[in-house]
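1. Structure of the sequence below:
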Amino acid sequence: MKNGRFPEDPMKIADTQMRSVWSISTPAPSDKEFGKHPTQKPLSLLKRIVAASTNEGDIISDPFNGSVTTGMATKILGNRQYIGIDMNLE
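-> Residues are numbered from 1 along each chain as shown. Below is the predicted model of the structure:
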């Protein structure tokens, strides 16, 4: 995370340790392309969480799949598998 690039966070200084406070805006309109979800998280937040807490080759399970933001973050980062679970078929 120290050497990661996070252009969406204006407070992250390059080549410095990740802070405990992240500056990330609410979900962008493009994040809601397939509809709104009441608890949707910003894609930039989920990309950072997945990058910080997993390694390449890991399997990520999201038991509250919702708008599939975690799955999209996993796909963007690559080299990880994703399992999404949700009670709502939509």
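2. The lengthiest helix in the chain: what's the following helix or strand?
-> If you go by DSSP state H, the chain has its longest helix at helix 43-53. Moving toward the C-terminus from helix 43-53, the next helix or strand (DSSP states H and E) is strand 59-62.
3. CA atoms only: put that following strand into CSV for me.
-> Taking Å, rounded to 0.1, in the frame of the first residue of the first chain, the C-alpha atoms of strand 59-62 are listed here in CSV:
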residue,chain,number,x,y,z
ILE,A,59,-10.5,-16.2,-3.4
ILE,A,60,-12.7,-13.3,-2.2
SER,A,61,-16.1,-14.1,-0.9
ASP,A,62,-18.8,-11.4,-0.5
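4. Between the two ends of stretch 21-38, how far is it?
-> End-to-end span of stretch 21-38 (C-alpha to C-alpha, to the nearest Å): 24 Å.
5. Next up, the contacts around the residue positioned nearest the centre of the chain.
-> Among the residues of the chain, the one closest to the centroid is Leu46, at 1.4 Å (C-alpha atoms, centre = their mean). Residues counted as contacts of Leu46 (C-beta atoms under 8 Å, 6 or more residues apart in numbering) are 69-70, 72-73. Backbone N, C-alpha and C define where each C-beta goes, glycine included.
6. Show me what counts as buried in the worst-scoring helix or strand of the chain on mean pLDDT.
-> Within the chain, confidence by mean pLDDT, DSSP states H and E is lowest for helix 43-53 among all helices and strands, at a mean of 91. Within helix 43-53, the residues scored as buried using 16 or more other C-beta atoms under 10 Å are 43-48, 50-51.
7. What is the nearest of the contacts of Leu46 to Tyr82?
-> Nearest to Tyr82, judged by C-beta to C-beta, of the contacts of Leu46 is Thr70 at 7.1 Å.
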